[in-house]
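> Here you go, sequence then predicted model.
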Amino acid sequence: LQFQEWYRSVLTTNNDWAAMAGASWAKIALTVLERGSLYDASSVTKKGDAITIFAGHDYDLDGLATALDVMWDLPEYQTHPEFLPTPPGSGIHMVRDTETDEIRVSFVYPVFHQEAHAHWKMDDSGTMKEVPVIWNDDKSRQILSSMNELESHFVQTLSLYAGAMECFQVTANELDRTMP
């Protein structure tokens with residue numbers, strides 16, 4: 001399992017390909033956190049939290065992690081945080097407080113235990129664990145102050161990778177064209 005995580009960390013994070021994939025997810029994340037949905041702009045609450053969990057294949061999460069410039073450390077999986085373990089059923093969790101506009105980003109995941117003969121079994125409780133993401137540019141960061149800060153962070157990060165901002169803009173144009 002650690003070899004697979006290492007392999008993914010080398011090939012599918014922090015490179016042009018991952019950033020281009022993550023650019024689309026970044027624009028979708030901004031849209032969903034702002035509107036509450038991709039399909040219904042009236043679904044965002046006026047007070048409280050807009051909560052979104054982005055789940056997907058390893059590579060989707062790797063792309064969004066690249067666009068966010070984050071990593072996570074899962075204590076149950078003895079690996080290096082830069083390897084970005086993504087157990088089945090895990091996701092990047094974003095919460096926007098619609099009153100203050102603050103955004104918290106964390107990683108949620110189920111716990112699997114290794115049994116005899118290298119079989120993995122999900123924790124019977126079904127409980128999801130949550131850890132804050134580790135921001136590579138500021139390890140002490142806990143909260144982003146606004147949607148503007150999140151968008152600026154995405155743009156600053158994606159600008160480091162060839163083709164990523166073009167993918168971000170293509171997704172923005174497509175969302176503008178197709179959303180109600």
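On my side now, so go ahead. Residues are numbered from 1 along each chain as shown.

> By residue count, what's the longest helix in the protein?
Assignment by DSSP state H gives helix 16-35 as the longest helix of the chain.

> Distance from the chain centre to that one, please.
Counting by Cα atoms, centre = their mean, to the nearest Å, helix 16-35 is centred 9 Å from the centre of its parent chain.

> All the strands of the protein, residue numbers only.
Using DSSP state E, the strands of the chain run over 49-55, 70-71, 91-97, 103-110, 112-114, 120-122, 128-132, 134-135.

> Beta-bridge partners for residue 112, please?
With DSSP bridges applied, residue 112 shows beta-bridge pairing to residue 122.

> how deep is it tucked in, by neighbour count?
17 (other Cβ atoms under 10 Å). (Glycine included, C-beta is placed from N, CA and C.)

> Could you pull up the residues touching residue 136?
69, 70, 71 (Cβ atoms under 8 Å, 6 or more residues apart in numbering).

> top of the residues you listed by neighbour count?
residue 70 (23 neighbours).

> Spit out the contact partners of the closest residue to that one other than its chain neighbours.
Setting aside the residues directly before and after it, residue 70 is nearest to residue 133 in space (Cβ to Cβ, 6 or more residues apart in numbering), at 4.0 Å. Contact analysis of residue 133 by Cβ under 8 Å, 6+ apart lists 65, 68, 70, 71, 72, 92, 105, 106, 107.

> I am finished for the moment; much appreciated.
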